[in-house]
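A.B. asks: Build me a structure from this.
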Amino acid sequence: MITALALAAALAAPGGTPLAPDTATSRTVVDGIPVIVRRVSANDVVTANVYLVGGLRQMTNDNAGIEPFLLDVSERGTRHYNRNRLRQTMARLGTAIVVDPSADWTALGVRATAGTFDSTWAVMADRLMYPTIDSADVELIREQYRSAVRQRGDSPDALVEYLADSATYAGTAYGRPLSGTDHSIASITRAQLRTYEQAQMVRSRLLVVVVGNVVPSRVEQLVHATLGRLPAGTYHWTIPQASPRAQSVLVARQRELPTNYILGYYQGPPASSKDYQALRVAAAALSGQFFEEIRSRRNLSYAVNAPFVDRALSAGGLYVTTVAPDSVLQIMRHELSALQSNLVDPSALGRLVQQFITEYFLDNETNADQANLLVRAELYRGDFRDADRFVDELRKVTPSDIQRVARMYMKHVAFAYAGDTTRVSRGVVDEF
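C.D. replies: Numbers count the residues shown, from 1 in each chain. Here you go, the predicted structure:
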């Protein structure tokens, strides 16, 4: 059996208590826009996120990055707030409007207090509905984005993440970088931004989640008076489909670095699957085994883990920085085989699950975290209340579940490598 010591390396501290039924959260539909409000009176902070659902699937390879690009351009001025008035208004309010792109949505979010929420919402809504899209502003944002794309190649971690995603989901939307490519950003024009804005800023793509000290009726009034005026559109959210891969892949980039960076992804189940939480726990168990064997026992790495990618179509990963890549990959293969062949210790599994419960409560500490938990439950599972079923689902994961999902999903890994390419062998990669 996998030892309790190996699993313990993945743990922080036990703790947590079952969640009480959520009576503070409500869901309504305003002008076709789902609106979820969680009333939190413990503080005066209000987080309001308008999610443009679809994320990377709304873009193409030729215009990748266009949606956050458009929303960042809108910070430079709108129909009712020219550049100076917008800046003065935000400075006076002392609030923030954030653009947060992800694989499954792009969020335009308000960070305010109960007293400044309405005024900040007005600016945010104008940015979404009536951006000016001035030519000079487009060029300014373009240079900022192109600079960010170039810096991606300067960071080994950012580079292997980009390469691993591209290899894992080649030919699909998830294979596109959130911030675009040098080609896509260079080719985006003012006319394309205006066309995209008219086609994509529609009510059917919107989902509003508000967490804070505000009553639902007030949020509904604000949505109706602003976003409710947008065109209806015909968008319909679906869980993306996997594109199975038959073998492991290696994408390597030569870099002069003090250590070598390796990140590999394997495709997981959709978030609607009963295997989703089991694979999450299995990834943590594997991470603990990696830590014990590669870092603690052999001192071959300072950074090693097995990440779980939480999105509509999940993925799991193998990550390490090391001066001995072939040796470490062979150890990873051995530990992965052990997880697939043996049952984890039930008592160690119980402690690991308790860690996830602890992290669940920690993730709920901020209003912004709560908003994202709610939107994931609503989109991925079809019901925002599933956010509070997370604890029960984790507790139901068994050692046999972990073995089963490890066998089913932890294979055909797409590896990205940055460093001395002479130190890594394709034959070792092919064993995964």
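A.B. asks: Can you give the contact residues for stretch 26-39?
C.D. replies: Stretch 26-39 is touched from outside by 22, 24-25, 203-204, 206-216, 219-220, 223-224, 227-228, 232, 370-371, 374-375, 378, 384, with contacts defined as Cβ atoms under 8 Å, 6 or more residues apart in numbering. (Glycine included, C-beta is placed from N, CA and C.)
A.B. asks: average pLDDT across that stretch?
C.D. replies: The average pLDDT for stretch 26-39 rounds to 97.
A.B. asks: How about stretch 270-287?
C.D. replies: Taken as a whole, stretch 270-287 carries a mean pLDDT of 94.
A.B. asks: just the buried members of the contacts of stretch 26-39?
C.D. replies: Burial by neighbour count, judged by 16 or more other Cβ atoms under 10 Å, picks out 25, 203-204, 206-214, 216, 219-220, 223, 227-228, 370-371, 374-375, 378, 384 from those.
A.B. asks: which ones among the residues you listed are found in strands?
C.D. replies: Where these overlap with strands, as defined by DSSP state E, the overlap consists of 25, 206-212.
A.B. asks: In CSV, list these along with distance to Ser166.
C.D. replies: As requested, those are arranged in CSV below (distance: Cβ to Cβ, whole Å):
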residue, distance to Ser166
Thr25, 37
Leu206, 29
Leu207, 28
Val208, 32
Val209, 30
Val210, 35
Val211, 34
Gly212, 38
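A.B. asks: Among those, which one lies nearest to Leu313?
C.D. replies: The shortest separation between Leu313 and any of those is 18.3 Å, and it belongs to Leu207 (by Cβ to Cβ).
A.B. asks: Tell me what the closest one is bridged to.
C.D. replies: According to DSSP bridges, Tyr51 are recorded as the beta-bridge partners of Leu207.
A.B. asks: Could you double-check that it lies in contact with Val375?
C.D. replies: Yes: using Cβ atoms under 8 Å, Leu207 is in contact with Val375, at 6.3 Å.
A.B. asks: In stretch 225-241, which residues are buried?
C.D. replies: Residues of stretch 225-241 classed as buried under the neighbour-count rule (16+ other Cβ under 10 Å) are 226-228, 230, 237, 239-240.
A.B. asks: Let me see the mean pLDDT of it.
C.D. replies: Confidence for stretch 225-241, expressed as mean pLDDT, is 96.
A.B. asks: Please give the number of neighbouring residues around Val344.
C.D. replies: Close neighbours of Val344, defined as other Cβ atoms under 10 Å, add up to 29.
A.B. asks: how near is it to Ala186?
C.D. replies: With the distance defined as Cβ to Cβ, to the nearest Å, Val344 ends up 49 Å from Ala186.
A.B. asks: Just the helices from the stretch 301-432 of the chain, written as ranges.
C.D. replies: 325-341, 346-363, 367-381, 390-395, 399-409, 426-430 (DSSP state H, counting those that start in this stretch).
A.B. asks: out of these, deepest packed?
C.D. replies: Of all these, helix 367-381 has the most neighbours on average by mean count of other Cβ atoms under 10 Å, namely a mean of 21.
A.B. asks: which outside residues touch that helix?
C.D. replies: Taking Cβ under 8 Å, 6+ apart as the criterion, the residues outside helix 367-381 that touch it are 25, 27, 34, 36, 38, 40, 43, 45-49, 51, 53, 104-105, 109, 111, 207, 209-212, 237, 239, 270-272, 310, 312, 363-364, 383-387.
A.B. asks: can you rerun that using 6 Å?
C.D. replies: Residues outside helix 367-381 that contact it (Cβ atoms under 6 Å, 6 or more residues apart in numbering) are 36, 45, 47, 49, 51, 209, 211-212, 271, 312, 363-364, 384, 386-387.
A.B. asks: And for stretch 47-54?
C.D. replies: Outside of stretch 47-54, the residues that reach it under the criterion Cβ under 6 Å, 6+ apart are 105-110, 205, 207-212, 237, 367-368, 371, 375.
A.B. asks: What's the mean pLDDT across that stretch?
C.D. replies: 98.
A.B. asks: Begin at 832 from now on, thanks
C.D. replies: New numbering, starting at 832: the last item is stretch 878-885.
A.B. asks: Go through that stretch and flag the buried ones.
C.D. replies: Neighbour-count burial for stretch 878-885, counted by 16+ other Cβ under 10 Å, picks out 878-885.
A.B. asks: repeat for stretch 1247-1255
C.D. replies: Going by 16+ other Cβ under 10 Å, stretch 1247-1255 has these buried residues: 1247-1251, 1255.
A.B. asks: Pull the most distant pair out of these.
C.D. replies: When the buried residues of stretch 1247-1255 are compared pair by pair using Cβ to Cβ, the farthest-apart members prove to be Ala1247 and Asp1251, with a separation of 14.6 Å.
A.B. asks: quick one: contacts for Ala1245?
C.D. replies: Residues counted as contacts of Ala1245 (Cβ under 6 Å, 6+ apart) are 995, 998-999, 1080, 1096.
A.B. asks: So what sits opposite it in the bridge?
C.D. replies: Each beta-bridge partner of Ala1245 is listed here, defined by DSSP bridges: Val1080, Tyr1096.
A.B. asks: And it, how far from Val1151?
C.D. replies: Using Cβ to Cβ, one gets 15 Å for the distance from Ala1245 to Val1151.
A.B. asks: same thing with Leu883?
C.D. replies: Relative to Val1151, and taking Cβ to Cβ, Leu883 is found at 35 Å.
A.B. asks: Okay, now the unreliable bits of this structure?
C.D. replies: Counting by pLDDT under 70, the chain shows low-confidence ranges at 832-853.
A.B. asks: show me where it has strands.
C.D. replies: Counting by DSSP E, the strands of the chain are 856-861, 864-870, 876-884, 927-932, 936-944, 1037-1043, 1080-1085, 1091-1101, 1134-1136, 1139-1140, 1144-1153, 1245-1250.
A.B. asks: for those strands, which one sits closest to Phe1187?
C.D. replies: Judged by Cβ to Cβ, the one of these that comes nearest to Phe1187 is strand 1139-1140, at 10.4 Å.
A.B. asks: Next, count neighbours for Leu939.
C.D. replies: Residues near Leu939, counting by other Cβ under 10 Å, number 23.
A.B. asks: can you pull the contacts of the residue most central in space within the chain?
C.D. replies: In the chain, the residue lying closest to the centroid (Cα atoms, centre = their mean) is Ser933, at 5.3 Å. Neighbour list for Ser933: Gly886 [criterion: Cβ under 6 Å, 6+ apart].
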